[in-house]
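Asks: test case, fold it:
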Amino acid sequence: MYHILYCIQARKPAAIMVPGPGKGFGLFAALLVFDNLVAGSGGPVSFFRFFLFFLFFSVGVYTVSALTVATTGPKKSHAWMAASRYAPGAEIVLYPHTRALVDAFVSGEANVIVVPIYNTREGENKPYFRLFEKIKSGYWIDNIVLPVHISLGGLTAGEKVKDLHTLIGNQRVFKQCEEYIANTLPEVTLMGVNNVEEAIEAVGRKNGHGFGALAGEQLLSRLGLHILERDVAPHNRTRYAVLGPELAVPTGYDATVLITEPLDDRVGMLVDILGEFTRRGINILDMRSENDIKTQKLQVYIEVEGHIQDDVITKAVQRIENSVIQQPGCLRLLGSFPRVDMRTKFIKSFGFIGTGAMSGWFADRLENEGYRVLLTGRSTALRPEEMIKQVDVLVICVPISATVATIKQYAPLLADGQALILLAGEAETTVKTALAVTSSGVEVMLVHNLWGPQAAVMKDKNAIVVRTPRSGRFCAEFEAFLYKHGADIYHDSPGKHDLLMGIGQKLPTIISVALAMTLEMNGITAEDIAGHCTLTSLYPILAMARVHAQNARTYAEIMATSGESRKIVHDFAENLKKVIDKADASEIRELARLIDCNVEHLSRDFIQARMEQAKAVDEVLGRMI
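Replies: You can find the predicted model right below:
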């Protein structure tokens with residue numbers, strides 16, 4: 001009996017063989033090994049560990065065996081190296097090809113297998129999609145991402161690349177090296193084989209002149225070939241899936257893979273399936289479809305962020321099965337595992353100054369992306385001065401009125417190679433200050449998110465990004481995070497941002513507050529409003545209610561912003577007085593001319609598009625009035 005364990009903290013697999021009387025004792029022994037892996041040999045002996053030792057030795061001595069991992073051969077191949085990386089020191093059992101490997105897993109001959117599923121140069125490993133159909137028990141439990149360095153070796157000493165007329169290799173390697181072969185050896189004959197080692201030995205026994213091989217340098221060197229060129233396919237990485245008998249435990253940074261049973265035709269089904277994930281803010285990492293060979297019905301493979309035990313994933317799957325596809329049990333879980341990043345991440349950690357709701361909102365989502373996040377503020381034990389030393393990116397997220405002072409106090413502590421991201425509603429003064437007090441090697445960028453902490457997701461919400469000449473790869477990675485989660489990103493200069501925010505935030509807020517004051521001044525009640533509103537006049541009333549239903553300090557900060565936004569408010573006041581004067585003088589023709597001039601400036605296309613939106617809103621509001 002084997003108990004396979006995967007220690008998330010230590011990222012070390014372990015297995016023990018228990019010849020004792022029952023499964024229960026084997027589990028205790030397995031927990032003992034697990035506890036040892038987590039705590040480490042130098043850690044204190046916990047009561048839990050002491051209890052396990054006592055129970056373990058009171059029932060007899062149990063033997064511990066090495067973990068056996070199976071993959072495709074030969075020895076020193078990339079698959080062999082991936083298996084060795086997953087379980088250093090484990091016994092590696094090799095199979096000639098992927099089908100034989102999966103058959104061994106299905107039959108129970110192999111308990112843990114490592115199989116290639118995706119390569120950055122050739123895309124997905126097509127056969128594995130269908131091979132998963134054969135796997136009815138066991139789970140995808142982990143991933144190994146292995147840099148692939150393919151070298152060209154010659155069988156005969158002294159030969160050069162131009163002397164080769166035949167290349168030996170497997171088809172996947174040829175696919176990864178397509179560009180190199182086309183540019184360097186366009187006339188060469190490709191000899192595709194399953195076992196490179198056997199093919200090289202067979203050719204070498206006869207006549208190896210003019211023969212070369214494409215494979216990993218370790219394998220080529222072990223077989224005695226002469227390395228002619230190294231790394232002939234750069235930027236090459238392969239993702240290997242690790243399959244085991246039991247579902248991996250949640251880590252907080254997971255992915256889940258599902259595959260549907262063959263589906264009956266239904267209009268919009270694929271869109272509806274994906275929509276259940278996106279509307280819950282669940283990012284879809286991968287999706288592909290293929291027709292079932294026997295029935296020619298559609299099957300869909302989906303990889304999403306999150307663990308199957310997460311409530312949001314469970315509810316999405318239930319909804320898809322019961323309401324979208326309407327076939328309970330039609331989604332089969334292939335596995336949940338620690339999420340793998342095929343894209344390079346440069347940022348490891350974020351530190352926030354500000355512990356308000358918006359800081360917490362961003363911190364939660366960044367942690368879900370696998371970043372380490374530290375929060376500091378007036379009441380935290382960890383002080384900003386200490387936190388800044390520990391992070392790659394400093395995020396300042398404080399009230400608008402406190403932003404500049406916070407930048408002056410803490411931003412000078414940043415060193416070259418770090419980044420400063422400002423979550424702020426005012427750009428010109430803020431960015432100017434940040435650039436002035438930080439060294440030239442510190443990245444700087446401002447982001448103004450036009451949503452509050454009540455938002456469930458950032459999909460379809462507006463985010464204004466103000467880049468600077470010092471916005472580098474850390475800033476680009478944060479912007480990519482916003483884009484990934486569906487934010488609509490707009491790029492502004494600092495001055496343009498502040499001017500447009502005068503229209504988008506400051507002026508509407510001031511109007512809403514002044515409107516409420518006017519209602520009080522004239523003794524107009526909520527009941528009076530409800531009985532005398534048209535759909536058009538209801539819009540400012542709704543805006544007024546929104547402002548007064550939320551944090552008063554937030555809107556006070558918006559109204560008090562400086563810079564170009566003040567110009568918008570004062571220009572509005574000046575134009576408002578002109579319109580009032582003409583209205584009081586009953587200059588109807590002049591008022592109509594003003595409206596016509598406005599239409600020309602706004603453009604009829606803009607007016608028509610916004611009118612269509614207004615009609616859609618009117619349809620909802622009309623049912624509410």
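Asks: return the set of buried residues in the helix or strand encompassing I273.
Replies: For I273, the host element (DSSP states H and E) is helix 269-278. For helix 269-278, burial by neighbour count (16 or more other C-beta atoms under 10 Å) applies to 269-270, 273-274, 276-278. All C-beta atoms are positioned from the backbone trio N, CA, C, and that covers glycine.
Asks: which helices and strands does that helix pack with?
Replies: Packing partners of helix 269-278 (3 or more C-beta pairs under 8 Å, 6 or more residues apart in numbering; DSSP states H and E): strand 284-291, strand 298-305, helix 311-319.
Asks: contacts only, for the residue nearest the centre of the chain.
Replies: Nearest to the mean C-alpha position of the chain, by C-alpha atoms, centre = their mean, lies E369 at 5.5 Å. With contacts defined as C-beta atoms under 8 Å, 6 or more residues apart in numbering, the neighbours of E369 are 253, 481.
Asks: and it, how far from V620?
Replies: 35 Å (C-beta to C-beta, to the nearest Å).
Asks: can you check G472 too?
Replies: From G472 to V620 the distance is 44 Å (C-beta to C-beta).
Asks: out of the two, which sits in the busier spot?
Replies: Each of G472 and V620 has its neighbours counted (other C-beta atoms under 10 Å); G472 has more, 18 against 8.
Asks: give me the nearest residue to the more buried one, chain neighbours excluded.
Replies: Once flanking residues are discounted, G472 sits nearest to E443: 4.5 Å by C-beta to C-beta, 6 or more residues apart in numbering.
Asks: bridge partners for the one you found, pull those for me.
Replies: When bridges are called by DSSP bridges, E443 pairs up with A419.
Asks: neighbours of it, how many?
Replies: As a burial measure, E443 scores 24 neighbours (other C-beta under 10 Å).
Asks: try L594
Replies: Residues near L594, counting by other C-beta under 10 Å, number 14.
Asks: surely it touches A583?
Replies: No. Using C-beta atoms under 8 Å, L594 is not in contact with A583, being 10.3 Å away.
Asks: give me the common contacts of these two.
Replies: In contact with both L594 and A583: no residue, using C-beta under 8 Å, 6+ apart.
Asks: quick check: D142 is in a strand.
Replies: Yes. Assessed by DSSP: H, G, I helix; E, B strand; the rest coil, D142 belongs to a strand.
Asks: and it, what are its bridge partners?
Replies: V242.
Asks: which parts of the stretch 101-250 of the chain are helices?
Replies: 126-131, 171-176, 178-184, 196-206, 217-222 (DSSP state H, counting those that start in this stretch).
Asks: name the residues of the last one that are buried.
Replies: With burial defined by 16+ other C-beta under 10 Å, the residues of helix 217-222 counted as buried are 217-220.
Asks: likewise the second one?
Replies: For helix 171-176, burial by neighbour count (16+ other C-beta under 10 Å) applies to 172-174, 176.
Asks: adding pLDDT and distance to D265, write these out as a markdown table.
Replies: A markdown table is the format used below for these (pLDDT from 0 to 100; distance: C-beta to C-beta, whole Å):
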| residue | pLDDT | distance to D265 |
| --- | --- | --- |
| R172 | 87 | 34 |
| V173 | 93 | 39 |
| F174 | 95 | 38 |
| Q176 | 92 | 37 |
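Asks: nearest to V393 among these?
Replies: Distance ranking of the buried residues of helix 171-176 against V393, using C-beta to C-beta, places Q176 first at 34.4 Å.
Asks: can you tell me the closest non-neighbouring residue to the closest one?
Replies: R121 (4.4 Å).
Asks: now swap in A363 and tell me
Replies: V373 (4.6 Å).
Asks: can you confirm the one you found is in a strand?
Replies: Yes. Applying three-state DSSP, one finds V373 inside a strand.
Asks: any idea how far it lies from T355?
Replies: Counting by C-beta to C-beta - V373 and T355 are separated by 12 Å.
Asks: neighbour count winner among these two?
Replies: Neighbours per residue (other C-beta under 10 Å) separate V373 from T355, with V373 holding more: 21 against 17.
Asks: hey, what's that one bridged with?
Replies: Beta-bridge partners, per DSSP bridges, of V373: F350.
Asks: thought D492 was touching N462?
Replies: No. Counting by C-beta under 8 Å, D492 stays clear of N462, with 11.2 Å between them.
Asks: which other helices and strands contact the host helix or strand of F481?
Replies: Using DSSP H and E, F481 sits in helix 473-484. Applying 3+ C-beta pairs under 8 Å, 6+ apart, we find helix 473-484 packed against strand 419-423, strand 443-449, strand 462-467, strand 488-491.
Asks: next, count neighbours for G417.
Replies: Other residues lying near G417 total 12 when counted by other C-beta under 10 Å.
Asks: could you give the backbone dihedrals for it?
Replies: Backbone torsions of G417, given as degrees, to the nearest 10, read phi 100, psi -10.
Asks: residue contacts, it?
Replies: 441-442.
Asks: D528 versus that one, what's the distance?
Replies: 61 Å.
Asks: same list (the buried residues of helix 217-222) but as a markdown table, adding distance to S565.
Replies: Shown next, in a markdown table, are the buried residues of helix 217-222 (distance: C-beta to C-beta, whole Å):
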| residue | distance to S565 |
| --- | --- |
| E217 | 61 |
| Q218 | 62 |
| L219 | 64 |
| L220 | 65 |
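Asks: would you agree I302 is in contact with I282?
Replies: No. With contacts counted by C-beta under 8 Å, I302 stays clear of I282, the gap being 10.1 Å.
Asks: which of these two has more neighbours?
Replies: Neighbour tally, I302 and I282, criterion other C-beta under 10 Å: the higher count belongs to I302, 22 against 19.
Asks: tell me what the more buried one is bridged to.
Replies: I302 forms beta bridges with L258, M287, as assigned by DSSP bridges.
Asks: where's it relative to L258, distance?
Replies: Taken as C-beta to C-beta, the span from I302 to L258 is 5 Å.
Asks: end-to-end on stretch 459-474?
Replies: 22 Å (C-alpha to C-alpha, to the nearest Å).
Asks: hmm, D292 is touching D264, no?
Replies: No. Look at D292 against D264 with C-beta under 8 Å: they stay out of range, at 11.5 Å.
Asks: more neighbours, those two?
Replies: Between D292 and D264, counting by other C-beta under 10 Å, D292 is the more crowded of the two (15 against 12).
Asks: ok, and the closest non-adjacent residue to that one?
Replies: P262 is the one closest to D292 (C-beta to C-beta, 6+ apart), at 4.1 Å.
Asks: residues contacting the one you found?
Replies: The contact partners of P262, taken as C-beta under 8 Å, 6+ apart, are 292, 294-295, 297-299.
Asks: between the residues you listed, which is nearest L507?
Replies: Among the contacts of P262, L298 lies closest to L507 (C-beta to C-beta), at 51.3 Å.
Asks: so what touches stretch 459-471?
Replies: Stretch 459-471 has contacts (C-beta under 8 Å, 6+ apart) with 278, 281, 427, 431, 434-435, 440, 442-451, 455, 475, 479, 482, 485-494, 497, 501.
Asks: for the stretch 251-400 of the chain, which spans come out with low pLDDT?
Replies: Applying pLDDT under 70 to the stretch 251-400 of the chain flags residues 342.
Asks: tell me where the stretch 401-550 of the chain has helices.
Replies: 428-437, 473-484, 494-501, 507-521, 526-532, 535-549.
Asks: out of the ones you listed, nearest to M559?
Replies: helix 507-521 (5.4 Å).
Asks: elements contacting that closest one?
Replies: On a contact count with 3+ C-beta pairs under 8 Å, 6+ apart, helix 507-521 meets helix 535-549, helix 552-559, helix 564-584.
Asks: deepest in the core, which of those helices is it.
Replies: helix 552-559 (a mean of 16; mean count of other C-beta atoms under 10 Å).
Asks: would you mind measuring from V106 to I541?
Replies: Counting by C-beta to C-beta, the gap from V106 to I541 is 65 Å.
Asks: ugh, typo on my part, it should be A199
Replies: Separation of A199 from I541 (C-beta to C-beta) stands at 79 Å.
Asks: same question for E587.
Replies: E587 is 28 Å from I541, by C-beta to C-beta.
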